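K.L.:
need a 3D model of the sequence below.
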Amino acid sequence: MVVFVTGFMGVGKSGTAKKLAGRLRYAFLDSDLEIEKKAGMSVQEIFNTHGEMAFREMEHQWLKNLDVRDTIVALGGGAACTSLNASLVKSKGKSIYLSMPVLMIADRLMHSKHPRPLIASLNTRESLIQYIEKKLEERIPFYSSADFTFDAMDKNLVDKICRSVQTLKPLASD
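P.N.:
As a prediction, the model looks like this:
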């Protein structure tokens, strides 16, 4: 089984997916890292050199060509937010949406060590909050179509996700 972890940037998709993969003894993939490997440049460089549309096309092609089993995939924040990509996710596995309040996302992004091309030009907390609110409004219909929704701040998040995933299919190694 393939499980896709979706949600807004900064909610902890990669960290949660990595822990989940370890717990379930599944492989782990991060779509952004895979795209960086294939492109030979960082997401930031892709955005700066080719623009967001080119990155989104790379994201789509990567997802379209994904052929794995027993893998937890951390998707970029906008990866599953087109009709085409949402359909690909549904056809290839199950999805988990990690939800978090806007103010918490803003605080995490303001203190993030990772460059985020979409918010690089936002200079104030207020402008960041407005951006997050606007983007979430656009993306919520896609995020909420996930098979499961979890509070990203839940201290027992990985345990709860594991229980949900294990009810769908017994582990191949069991």
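K.L.:
find the residue ranges of this structure scoring beneath the pLDDT cut-off.
P.N.:
Applying pLDDT under 70 to the chain flags residues 169-174.
K.L.:
one more pass at 50, please.
P.N.:
The chain contains residues with pLDDT under 50 at 171-174.
K.L.:
list the buried residues in the longest helix that the chain contains.
P.N.:
Secondary structure of the chain read by DSSP state H shows that its longest helix is helix 125-143. With burial defined by 16 or more other CB atoms under 10 Å, the residues of helix 125-143 counted as buried are Leu128, Ile129, Tyr131, Ile132, Lys135, Leu136, Arg139, Phe142, Tyr143. Where you see a C-beta, it was placed from the backbone N, CA and C, and this is true even at glycine.
K.L.:
ok, and the closest non-adjacent residue to Asp154?
P.N.:
Lys160 (6.5 Å; CB to CB, 6 or more residues apart in numbering).
K.L.:
remind me which helix or strand the one you found belongs to.
P.N.:
Applying DSSP states H and E as the criterion places Lys160 in helix 157-168.
K.L.:
flag every buried residue along that helix.
P.N.:
Leu157, Val158, Ile161, Val165.
K.L.:
how close does the nearest residue to the last one once chain neighbours are set aside get to Ser95?
P.N.:
On the basis of CB to CB, 6+ apart, the spatially nearest residue to Val165 that is not a chain neighbour turns out to be Val3, at 5.8 Å. Here the criterion is CB to CB, to the nearest Å. By it, Val3 lies 7 Å from Ser95.
K.L.:
which residues does the residue lying closest to Arg69 once chain neighbours are set aside bridge with?
P.N.:
Using CB to CB, 6+ apart and skipping the chain neighbours, the partner closest in space to Arg69 is Val2 (6.9 Å). Per DSSP bridges, the residues bridged to Val2 are Thr71.
K.L.:
Val2 touches Leu63, doesn't it?
P.N.:
No: using CB atoms under 8 Å, Val2 makes no contact with Leu63, being 10.9 Å away.
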